[in-house]
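Student: Next comes the sequence, and after it the predicted model I'd like to discuss.
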Amino acid sequence: MVTFEEARRIILSCVSSTGVERVHLLDAAGRVLAEDIVAPWDMPLWDNSAMDGYAVRSADCTKTPCTLTVTGFLPAGARADGLLVEAGSAIRIMTGAPTPDGCDAVVPVEETDDGQQLVTLNQAVVKGQHLRLRGEDVQSGVCFARAGTLIRPPEINMLAGFGLALVPVFSRPTVAILSTGDELVELGQTPGAGEIINSNTLSLAAAVQECGGIPRIIGIARDTRESHREKLREGLQADVLITSAGVSAGDCDLVRDILEELGTQQKFWKVGIKPGGPTAFAMHGTTPVFSLPGNPVSTMITFEEFVRPALLRMQGLQRVLRPLFKAVLREPLTKKPGKVQIVRLLLEREAGRYYATSAGNQQTAILKTMVDAQAIAILPAESTSFAVGDDVDVHFYSNYIERES
Ligand code: AMP
Ligand code: MG
């Protein structure tokens, strides 16, 4: 058995990116840059106005009020070539328009009488006010987005602003999802006596998508060696293989055995975590293979704590663990020493602090508690009891949504 922390270390030391591709900006959101991106030109490319108003010479405007002759108009999109602000004059200018020669300040229209032929300024003017200078945002040649950066709308905006339509990103891994067990029927079939619907495949596919992977549903391996062989072989074609169930010590638990037969190298089996203890991890060449326990709650928790970080790392992210923060317990908690305990929680925020209560019955078979959970507490292996008011380490689970009070 390995500890929770060792399991994560082993996994993250085994996985790596499956490649780099160039994608259009429209498809780049949520992907990770594979190269540093350098500004091809100054941003902005020319000095321009930050306000709708008048381009002036500040030396003309030392007294207030002062009146200037309006000698031109520069809307956004216009060119300032050949235009000059001469002594005693002003050029009407719109936000974003290039500033004309001679101008060293812009006076917002709100600080004037809005005149067309003559304009009267009613406030003092400071040299340089309301000007945006060439290169003040990013200078040509400066790296504005590093490899390993998550591409969000701001990155997309800047990449687009520099005309970079295709960006190098790490590939999204294909992730084979295989359920095992004779008790399973597929969604759409009616389960008979002793049968249940293969819900894990759907929830794993959703979880894979949520962290950028491409799910490939392999279906169900029945509890025979032949069926396992066929389905596992198929699953090993993907960049990652995730199986659920059949990994404990039961009579029909064949997954590890057949994986070994197919040439995978087991890195660990059994982790000091509850729920999720029977989890196994192996490598087949460069393909990571996660064998998760079948109980839906255990499957989702082990995906969250072990598979999600691996999929994010494969897509080029370095910091792949959800940030931990402290929540104050509103109920006592007890546990046995020896294993990290995962507790499903509800959170409430009061005066800038998070307070935690149990999301419900914490037994592994209770799925509803997982449905309700907003966050997960990670209780250290050696801890045994927590009192009301104690801090625990928690992280959000999936997309955190604050509940209506
Ligand atoms: P096992 O690991 O095979 O002992 O399965 C543990 C529990 O998870 C059993 O109650 C199974 O019926 C349940 N289970 C296994 N596979 C799935 C699945 N694909 N979808 C939903 N429940 C499952
Ligand atoms: Mg089974």
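Tutor: Sure thing, it's come through. This one's a predicted model, so the numbers in the text were calculated from it and none came from an experiment. Ligands and ions are numbered 1, 2, ... in the order given.
Student: drop to CA atoms for contacts and neighbour counts, all remaining ones
Tutor: Noted.
Student: residues in contact with the residue in the stretch 201-350 of the chain that ligand 2 sits nearest to?
Tutor: Relative to ligand 2, the nearest point of the stretch 201-350 of the chain is residue 246 (4.5 Å; CA to the ion). Neighbour list for residue 246: 180, 181, 252, 253, 254, 255, 293, 294 [criterion: CA atoms under 8 Å, 6 or more residues apart in numbering].
Student: mind listing what the nearest residue to it once chain neighbours are set aside touches?
Tutor: Distances taken as CA to CA, 6 or more residues apart in numbering put residue 253 closest to residue 246, at 3.9 Å, once the chain neighbours are dropped. Going by CA under 8 Å, 6+ apart, residue 253 touches 223, 245, 246, 247.
Student: go again using 10 Å as the cut-off
Tutor: 180, 181, 223, 224, 225, 245, 246, 247 (CA atoms under 10 Å, 6 or more residues apart in numbering).
Student: What subset of the residues you listed is buried?
Tutor: Listed as buried from the contacts of residue 253 are 180, 181, 223, 245, 246, 247; burial here means 16 or more other CA atoms under 10 Å.
Student: Most widely separated two among these?
Tutor: 223 and 247 (11.6 Å; CA to CA).
Student: before we move on, back to that, can I get the buried ones among the contacts of residue 253 in JSON lines including secondary structure, distance to ligand 1 and pLDDT?
Tutor: Below are the buried ones among the contacts of residue 253 laid out as JSON lines (DSSP: H, G, I helix; E, B strand; the rest coil; distance: CA to the nearest ligand atom, whole Å; pLDDT from 0 to 100):
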{"residue": "180", "secondary structure": "strand", "distance to ligand 1": "6", "pLDDT": "97"}
{"residue": "181", "secondary structure": "coil", "distance to ligand 1": "6", "pLDDT": "96"}
{"residue": "223", "secondary structure": "coil", "distance to ligand 1": "9", "pLDDT": "95"}
{"residue": "245", "secondary structure": "coil", "distance to ligand 1": "3", "pLDDT": "97"}
{"residue": "246", "secondary structure": "coil", "distance to ligand 1": "4", "pLDDT": "93"}
{"residue": "247", "secondary structure": "coil", "distance to ligand 1": "6", "pLDDT": "94"}
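Student: What segments of the stretch 201-350 of the chain are strands?
Tutor: With DSSP state E, counting those that start in this stretch as the criterion, the stretch 201-350 of the chain has strands at 214-221, 240-244, 265-269, 271-274, 280-284, 287-292, 325-329, 333-334, 340-350.
Student: same for the second one, what does it pack against?
Tutor: Yep, that's strand 240-244 we're talking about. With contacts taken as 3 or more CA pairs under 10 Å, 6 or more residues apart in numbering; DSSP states H and E, strand 240-244 sits against strand 174-180, helix 199-210, strand 214-221, helix 225-235, strand 280-284, strand 287-292, helix 296-302, helix 308-314.
Student: Sketch out the low-pLDDT regions of this protein for me.
Tutor: Where the chain drops to pLDDT under 70, the residues are 405.
Student: quick one, helices of it?
Tutor: 4-14, 153-161, 199-210, 225-235, 255-261, 296-302, 308-314, 367-372 (DSSP state H).
Student: Of the ones you listed, which is nearest residue 331?
Tutor: Of the helices of the chain, nearest to residue 331 by CA to CA is helix 367-372, at 16.0 Å.
Student: That closest one: which residues count as buried?
Tutor: So helix 367-372, judged by 16+ other CA under 10 Å, has buried residues 367, 369, 370.
Student: try stretch 228-248
Tutor: Here stretch 228-248 shows 228-229, 231-232, 235-236, 238-248 as buried, counting by 16+ other CA under 10 Å.
Student: end-to-end on it?
Tutor: Using CA to CA, to the nearest Å, the span of stretch 228-248 from its first residue to its last is 15 Å.
Student: List the residues that contact the closest residue to residue 262 other than its chain neighbours.
Tutor: Of all residues not flanking residue 262 in the chain, residue 233 sits nearest, at 7.3 Å (CA to CA, 6+ apart). Shown in contact with residue 233 (CA under 10 Å, 6+ apart): 227, 258, 259, 262.
Student: where does the stretch 151-300 of the chain come near ligand 2, residue by residue?
Tutor: Contact residues, the stretch 151-300 of the chain versus ligand 2 (CA under 5 Å from the ion): 181, 246.
Student: now the contacts of residue 253 in JSON lines, with distance to residue 355?
Tutor: As requested, these are exported to JSON lines (distance: CA to CA, whole Å):
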{"residue": "180", "distance to residue 355": "39"}
{"residue": "181", "distance to residue 355": "40"}
{"residue": "223", "distance to residue 355": "44"}
{"residue": "224", "distance to residue 355": "48"}
{"residue": "225", "distance to residue 355": "49"}
{"residue": "245", "distance to residue 355": "34"}
{"residue": "246", "distance to residue 355": "37"}
{"residue": "247", "distance to residue 355": "36"}
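Student: residues in contact with residue 319?
Tutor: Residues in contact with residue 319, defined by CA under 10 Å, 6+ apart, are 148, 309, 312, 313.
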